[in-house]
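Participant: Here's my sequence, what's the structure:
(2 chains)
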Amino acid sequence: MGETGCGKSTLGHSIPRLLPEPPAKVTSGKIVFQGTDLLKIPKWRMPGVRGTGIGMIFQEPINSLNPAYRVGDQIAESVRIRKLRERGIMPALKPDVKGFDYSKRELPKASEVVTGPFIPPNVTQTLKTRGPPMTKEIHQEVLDFLRLVRINDPERIVNLFPHELSGGMRQRIMIAMALSGKPALLIADEPTSALDVTIQAQVLTLMKELMEEVRTSIMFISHDLGVIAEMADDVGVMYAGHMVEFGPVAEIFESPRHPYTKALLRSIPNRYKDEGVLPSLSGSVPNLSKLPVGCTFNPRCPLARDVCRVKPGPPFALLPPGPAGGMHRTACFFPDEVPSMP
Amino acid sequence: MGRSRSDLVVFIAKRLAQLVPVLLGVIVITFFFTHIAVSNPCAIWSGPKASPSTIAACVKNNHFNDSLPVQFYYYLAGLVSGNWGTDPLFHSPVLSVLLTDFPATLELVLAATFLMVFIGIPLGVVAAASNGRIADHLVRIFYLSGWATPTYIAGVVLAIGLGPLLGVSGGDFSTTSSPVPAITHMSVLDAIIALNPGATVDAIVHLILPAVALAFINMGIATRMTRTSMLEILPLEFVKTARMKGLGEFWVLYKHALRNALITTTTVLGVTAGTMVSGTVVIESVFVWPGLGRYAYEAITEYDFAGTIGVVIFFAIVVVAANLIADILYGVLDPRVEWR
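Facilitator: Residues are numbered from 1 along each chain as shown, chains lettered A, B, ... in the order given. All right, here's what the predicted structure looks like:
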C-alpha cells in the first residue's frame, strides 16, 4: 500500500517486466520468481513467464479488454496458451519445485538464483498433437472460469464485446482471464479503484473468496487501507518509490514501526466519533527526481534527526519477531520510538 | 440501426442511391467543361485535309450547332440508353472500350492496394514498435521519399532503372505479348485461368513495376497512418493484458494492437482511392498499360469528349465504391460501429 505516485504500480509492472524498456530501467537488485532471476532472462523469453507464471489484473477495466474481440475469445486465448504450455508445445518457464519459503525469514542467496530454466518448444510433440483442435475443451474451460467469477449466464456473456458490459462485469472477466492461465502469482494493480463503491465491494468479496479457492499467491496493490486490512496477510508500505515497512497485516496495523505508516494509519477516520479535522501529515511527497538526502521521509518526519539527513539512509532492517510471528522489516533508524510518536 | 445483416443491406442500398447525384454532378461538370472549352472540335477530329462537307456532316451528327443544354440533353439520353458516344478517330463505341479497358486498370489498382496493405501497413507497425529508434527512422525515410516523389517521376525512374533488370525494357511494358485468351482482361488472372505458369510469371513481372510506382506515393499514407494509430494504441491497457497472457510480441502487435489501429488506416485508405485512380493516368501512359488511365490520356489529347466523360464516370464509380468498401470494413473491424 501507499499513496498515489509512490511507485506501487511501477513496482507491480516491473515484476513481469511490463514497463517499456527504453525509458524504464532496472538499475539494481533482483526479481526472483520461482527461483529464477527474471532480470537475467532475455526479454524475448519473458512471454514464457507471463500468463502461466505471473498473471495481472489492471486498474481500468474500461481499457483492459481488447474492444475488437468477443470476451469469450479473449479468455479462450489465455486458456489455449496454458494448454499449449502444459503439452510442452509452447516455451514456458519451468516451475522450480524447491522454491523459497519467505515466511521462514529466509531470502535466497545470490548463488541459488538460477537463470533461464526454460522448457523449449517440443517440435515432435507439436507434430503429433496437431490432430483435432482443442476448441470444444477450451470453450468448456472458458465457461467454467466465467462461472468461477460468479457470472451466471456465461453462454450469453462469451459472445458479447467489452463495450456491451458494465465496469464490474469487465473486471470480473479480467479476473477470469488472469486466473484462466492458472498463474503462480497474480498481481492485482488497484483492481477496484476505478469501480463505484457498491461494485467495489462485490469485486473485493469475489477476490477474497477466490483466494481461498484457486490457491494462487496474490500481490494486491492498493491505496485503500480498509481494503488492505481486509485482503492481506502481509503488507508492504511504500513511500516515494521505496518500500519503508513490510510485515504481517496485524503488526502493521496494530504496531507500525515506521513513522510514515503510523501517520498514514492515523488519517483513517473513526466512524463513531466526530474528531473534527482529521490529523494530516505536513508537507507533501517529494519529487521523485529530487529525493531528499538520506531517509526519503526525513523532511516530514517528526522523529527526524541529523543521522536521517545524511547518506546512506536507514537500512531495510529486520525487527525482532512480534507476537504475530513472520518477518517484520522497517527502513527507520528509530523504530522503537515510533509507537510513542507525537 | 444496428449491426445485423439487414442493416448492412440497407446501408449499402442507401450509399448506392447516393451514387446517382454524385454521377450526375460529375457528368454535368465534365460535359460543360469540355464543351465550353472547345465548342466545335469537328475541324480537329476530321484532320487538316478534311473537306468542308465532311466537317459539316460531323457538326450535324454531333449537334454542335445546337445550344449547350440541348447538346447535354442528347448526350444524357444516349448515356441512359447505353449509347455513350463514339471515339472520333475509329468510331468505336466508348462504352465497350471502357468495359474492356477497365479490368486492366482494376488489376493495377488492386495490385497497388495489395502492396500498400501487405508492405505499407507492416512497415507502419515496425516503425511504431521501434518508436524513435533506427528502424523507425529508416521507415520514415522510405515513406517520406515515396510521398515526396511525384507519380510520374517514380514511374519513369522505375521503368528506366529497374525495367531492364526484370527484362521488360523499352516500350515492352504492355502484356499484349501474353498468348492467353482474354477472359477477364486482367493479365494475371487470365494467365491463371489458362493454367499457363509461364504466362502467369510473365504477367506478374509486367505488373510489378507499374504497381510499385502507383503504390509508392500512397504507401506513405498507409505507413504513416498505421504508425500514428499504433502509437496511440500501444500504451493502452489491453495491449498489456495481451502481453500478460503470455503472448509473444508478434501476436501482441499484429493480433491485438494492429486490429484496433487498422480502423483508422482503413478509412484513410478509402480516401486515397482518388489519388490512386488519378495516378493510373500517368502510370499507365509511362508503362504503356492498356487500361482506363491511358485511355483517359488519349481521350483528352484527342478532344474525345465522349471518351473523357466516360472515363470520369468510371473513375467516380471506383472512388465511391472504394469509400463504400472502406466504410463496410470499418464496421467489420470495429464492433462498436453501427451501419447507418
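
Participant: can you count the residues close to the residue of the stretch 51-200 of chain A found nearest chain B?
Facilitator: Chain B sits closest to residue A:51 of the stretch 51-200 of chain A, with a gap of 2.7 Å, by Cβ to the nearest Cβ. C-betas here are computed from N, CA, C, even on glycine. Neighbour count for residue A:51, taken as other Cβ atoms under 10 Å in any protein chain shown: 29.

Participant: Do I have it right that it meets residue A:81?
Facilitator: Yes. With contact defined as Cβ atoms under 8 Å, residue A:51 counts as touching residue A:81 (5.3 Å).

Participant: where in chain A is pLDDT low?
Facilitator: Within chain A, the ranges that satisfy pLDDT under 70 run A:94-134, A:270-273, A:275, A:323-325, A:342.

Participant: again, only using 80
Facilitator: Within chain A, the segments meeting pLDDT under 80 span A:5, A:21-22, A:34-36, A:86-135, A:194, A:212-215, A:267-285, A:311-313, A:320-326, A:340-342.

Participant: Can you pull the residues of it lying near chain B?
Facilitator: Remark: the part of chain A in contact with chain B comprises A:13, A:16, A:18, A:22, A:44, A:47-56, A:58-60, A:63-69, A:77-78, A:81-82, A:85, A:90, A:92, A:161, A:163, A:174, A:177-178, A:181, using Cβ under 8 Å from any Cβ of the partner chain.

Participant: residues contacting residue A:268?
Facilitator: Residues in contact with residue A:268 (Cβ atoms under 8 Å, 6 or more residues apart in numbering or on different chains) are A:225, A:226.

Participant: try 10 Å
Facilitator: By Cβ atoms under 10 Å, 6 or more residues apart in numbering or on different chains, the contact set of residue A:268 is A:225, A:226, A:229, A:253, A:278, A:279.

Participant: what do you get for residue B:145?
Facilitator: Counting by Cβ under 10 Å, 6+ apart, residue B:145 has contacts B:154, B:216, B:220.

Participant: element containing the last one, please.
Facilitator: Spelled out, it's residue B:220. Here residue B:220 sits within helix B:197-233, counting by DSSP states H and E.

Participant: quick one: whichever helix or strand comes after that helix near chain A?
Facilitator: Under the assignment DSSP H and E, the closest C-terminal helix or strand after helix B:197-233 is helix B:237-244. Yes. Against chain A, helix B:237-244 shows contacts by Cβ under 10 Å from any Cβ of the partner chain at B:237, B:238, B:239, B:240, B:241, B:242, B:243, B:244.

Participant: For residue A:286, the count of nearby residues, please.
Facilitator: Counted with other Cβ under 10 Å, residues neighbouring residue A:286 total 17.

Participant: Now do the SS call for it.
Facilitator: Applying DSSP: H, G, I helix; E, B strand; the rest coil to residue A:286 yields a three-state assignment of coil.

Participant: I figured it hits residue A:240, correct?
Facilitator: Yes. Counting by Cβ atoms under 10 Å, residue A:286 touches residue A:240, with 5.5 Å between them.

Participant: Now do the shared contacts for those two.
Facilitator: A:292, A:296, A:297.

Participant: residues from chain B in reach of chain A?
Facilitator: Selection of chain B residues close to chain A by Cβ under 10 Å from any Cβ yields B:130-133, B:233-252, B:255-260, B:262-263, B:333-336.

Participant: Apply 8 Å and report the result again.
Facilitator: B:132-133, B:236-238, B:240-249, B:256, B:259-260, B:333-336.

Participant: can you give me the offset of stretch B:56-63 from its chain's centre?
Facilitator: 35 Å (Cα atoms, centre = their mean, to the nearest Å).

Participant: buried residues in that stretch?
Facilitator: Going by neighbour count (16 or more other Cβ atoms under 10 Å in any protein chain shown), the buried part of stretch B:56-63 is B:58, B:59, B:62.

Participant: Identify those among these that sit within helices.
Facilitator: If you go by DSSP state H, the buried residues of stretch B:56-63 have B:58, B:59 in helices.

Participant: ok, the buried residues of stretch B:56-63 vs residue B:78, which is closest?
Facilitator: The nearest member of the buried residues of stretch B:56-63 to residue B:78, counting by Cβ to Cβ, is residue B:62 at 11.0 Å.

Participant: how close does that closest one sit to residue B:31?
Facilitator: 13 Å (Cβ to Cβ, to the nearest Å).

Participant: swap in residue B:108?
Facilitator: 27 Å.

Participant: quick one: which of those two has more around it?
Facilitator: The neighbour count for residue B:108 versus residue B:31, taken as other Cβ under 10 Å, is higher for residue B:108 (28 against 21).
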